[in-house]
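K.L.:
please find the sequence and the predicted model below.
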Amino acid sequence: MSLDESEQKIDVREGIVHSSIPTDELARLSDDVIAALKTVYDPEIPADIFELGLVYKIDIEDNRMVKIMMTLTAPGCPVAGEMPGWVENAVGAVEGVSGVEVEMTFDPPWTPDRMSEEAQVAVGWY
């Protein structure tokens, strides 16, 4: 193995997050981002987007930029054009967040089994 190859090794241990953000601040930011996401509701379903399972991934980068990958209940959702803005506004208001990027995806497609028990109770499915 050459020196270049060893320098490019990736740490693949699960659960390891390397960040320049102090652990306690990262935990607070994570909790606050999730709390902000829970203020955004799908207008057709009486549950927030986090409990509905519409949020697939949240990354908080070292510069405190928050990147969110999410979906909608259906590609033809009437608020498809508005929902990313609602998410950006909610998360952007969190203290310490430098910016928000929302990426929409339909892969994998959302299914009701992604909903939390809280969301299932809210829609009367539990």
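P.N.:
Thanks, I have the structure now.

K.L.:
what about the helices in this protein?
P.N.:
Counting by DSSP state H, one finds helices in the chain at the ranges 3-7, 23-37, 83-92, 117-122.

K.L.:
quick one: buried residues of the second one?
P.N.:
The reference is to helix 23-37. Using 16 or more other Cβ atoms under 10 Å as the test for burial, helix 23-37 gives 26, 29, 32, 33, 36, 37. C-beta here means a position set from N, CA and C on the backbone, and glycine is covered the same way.

K.L.:
can you tell me which of the helices of the chain is nearest to residue 104?
P.N.:
helix 83-92 (6.3 Å; Cβ to Cβ).

K.L.:
contact partners of that closest one?
P.N.:
Residues outside helix 83-92 that contact it (Cβ atoms under 8 Å, 6 or more residues apart in numbering) are 33, 36-37, 39-40, 42, 49, 66, 68, 70, 72, 77, 79, 97, 99-102, 104.

K.L.:
tell me which of those residues fall in strands.
P.N.:
Using DSSP state E, 66, 68, 70, 99, 100, 101, 102, 104 are the members of the contacts of helix 83-92 that sit in strands.

K.L.:
state the distance from the residue nearest to the spatial centre of the chain to residue 43.
P.N.:
When the chain is reduced to its mean C-alpha position, the nearest residue by Cα atoms, centre = their mean turns out to be residue 58, at 3.5 Å. When distance is defined by Cβ to Cβ, to the nearest Å, residue 58 is 22 Å away from residue 43.

K.L.:
ok, back up a step: can you convert the helices of the chain into TSV and add a column each for mean pLDDT and distance to residue 110?
P.N.:
As requested, the helices of the chain are arranged in TSV below (pLDDT from 0 to 100; distance: least, Cβ to Cβ, whole Å):
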stretch	mean pLDDT	distance to residue 110
helix 3-7	48	40
helix 23-37	95	15
helix 83-92	97	12
helix 117-122	90	12
